[in-house]
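1. requesting a structural model of the entry that follows:
(4 chains)
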Protein chains: 2
Amino acid sequence: MIAGDRASRPGGRTARVRSDVLAAVESELAEHGYDGLTIGAVAARSGVHRTTLYRRWKTVAGLLVDLLEAGADDSWEPADTGSLEGDLIAVNREIHAALTTRPSITQAMIAASFRTTDAADALTRFWEDRYARTALVVSRAVARGEIPSDTDAHQVLLTATAPLYHQVILLRQPMSRDQADRHARIAAASVR
Amino acid sequence: MIAGDRASRPGGRTARVRSDVLAAVESELAEHGYDGLTIGAVAARSGVHRTTLYRRWKTVAGLLVDLLEAGADDSWEPADTGSLEGDLIAVNREIHAALTTRPSITQAMIAASFRTTDAADALTRFWEDRYARTALVVSRAVARGEIPSDTDAHQVLLTATAPLYHQVILLRQPMSRDQADRHARIAAASVR
DNA sequence: ATCCTAACGCAACGTCCGTCGCATTTAGGG
DNA sequence: CCCTAAATGCGACGGACGTTGCGTTAGGAT
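-> Sure, this is the predicted structure:
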């Protein structure tokens, strides 16, 4: 919708407006968090008129969706360390970093996903893509003969990664990198 | 704050107003979800004036905090099945039920927790209490000699329960009771 | 039974949010 | 270089939200 119909007018001003706005979103997010993120504030900071924001992005969630898609890395794939346990530890460390750096766009997106279905859909698509790519660590382990061929990849990834999200986002308690590593090991051991 | 200063006037009308309002909150929640939950709508449905709601509960999140505390079961404790695995399966089935029944007050509270710190604090308190009580299943297993005495209870519970929350709430995908059971077994096996 | 005061109802107000009609600018094609 | 249409800027509007001052009701105590 937003980044889709670029066929008509990819123009210079439009692109500049977009980058100005997204930069303003990131700044506002860093200062006031998601609950303080308002279209009026983004308009004031970016120098773009409110009406334009309402027309192109519609809602605050729409702004975040665009920000998420602008930052999406299409070439991402999990590190190859040679063992399932090592791969899962590497994955968990990436998630750990994404959840603890401020401002966490991931956290803001999750907050937004509870308000509009657009944001929820965008986040679901993003995560489905990431988990599908990450399943590679399981198929590599199968290819090495490390684990059975009928291993449920999603279950393994869920066992490894879910505790991080749950602890940090829902329980709102700190999680050390050691704990993240430990859950990766538990997940690896669960299929041996 | 809300249920605290009952010393002054626990009166009949006040109590009636409270139960009317909380009932309206639950109904509105069931019909329109959290994003459609507005103070004006609750006022209209309950027959209580808007001003009263603003004075006593301040925000929508305040209403949900009160609803959560009103529904809190102070006598809750985990079922005793005789084995760690059985206990964890029972716990996971309770969580599974709480997350899948509509309307899920838990889901609404999580949504609210991303908007006001009051709701976030209330939910954190609730979960800390629940996890503290649930740690009993681990100490019982230790007492039976089933697992080592230095077992990290929180880690075990996190391994068992986090996948449910993550799958249903953040990934927004269905989870069968069998899958819930399976994650309970993985957690139990992780400390043997 | 009467008084006192906390709790509630009521109306009006200012503010912010989102939308609309219209003028202006700008990108891209002839 | 000009012409057209898309994108943006601009002001005004209606409505919802949250607040405030004041009058009214009802519970609890004497």
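
2. residue A:68 contacts residue A:108, correct?
-> No - under the criterion of CB atoms under 8 Å, residue A:68 is not in contact with residue A:108, lying 9.1 Å apart. C-beta here means a position set from N, CA and C on the backbone, and glycine is covered the same way.

3. which of these two has more neighbours?
-> Higher neighbour count among residue A:68 and residue A:108: residue A:108, with 25 against 19, using other CB atoms under 10 Å in any protein chain shown.

4. where's that one relative to chain B, distance?
-> Separation of residue A:108 from chain B (CB to the nearest CB, to the nearest Å): 9 Å.

5. kindly report the same for residue A:61.
-> Separation of residue A:61 from chain B (CB to the nearest CB): 10 Å.

6. can you count the residues close to that residue?
-> So residue A:61, with other CB under 10 Å, has 25 neighbours.

7. what's it in contact with, if anything?
-> A:112-113, A:115-116, A:118-119 (CB atoms under 8 Å, 6 or more residues apart in numbering or on different chains).

8. and if you look at residue A:169?
-> Residue A:169 makes contacts with A:99, A:107, A:110, B:170, as judged by CB under 8 Å, 6+ apart.

9. any idea how far DNA strand C is from it?
-> Using CB to the nearest atom of the strand, to the nearest Å, we find residue A:169 at a distance of 24 Å from DNA strand C.

10. how distant is the lowest-mean-pLDDT helix or strand in chain A from the center of its chain?
-> Counting by mean pLDDT, DSSP states H and E, chain A has its least confident helix or strand at helix A:105-113, which shows a mean of 86. Computed by CA atoms, centre = their mean, to the nearest Å, the separation of helix A:105-113 from the middle of its chain amounts to 8 Å.

11. packing partners for that helix?
-> Secondary-structure packing of helix A:105-113 (3 or more CB pairs under 8 Å, 6 or more residues apart in numbering or on different chains; DSSP states H and E): helix A:12-32, helix A:60-71, helix A:84-100, helix A:117-134.

12. kindly recompute the last result at 10 Å.
-> Contact analysis of helix A:105-113 by 3 or more CB pairs under 10 Å, 6 or more residues apart in numbering or on different chains; DSSP states H and E lists helix A:12-32, helix A:60-71, helix A:84-100, helix A:117-134, helix B:105-113 as its packing neighbours.

13. dump those into CSV; add distance to residue B:20 as well.
-> Listed next are the helices and strands packed on helix A:105-113 as CSV, based on distance: least, CB to CB, whole Å:
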stretch, distance to residue B:20
helix A:12-32, 36
helix A:60-71, 33
helix A:84-100, 41
helix A:117-134, 31
helix B:105-113, 18
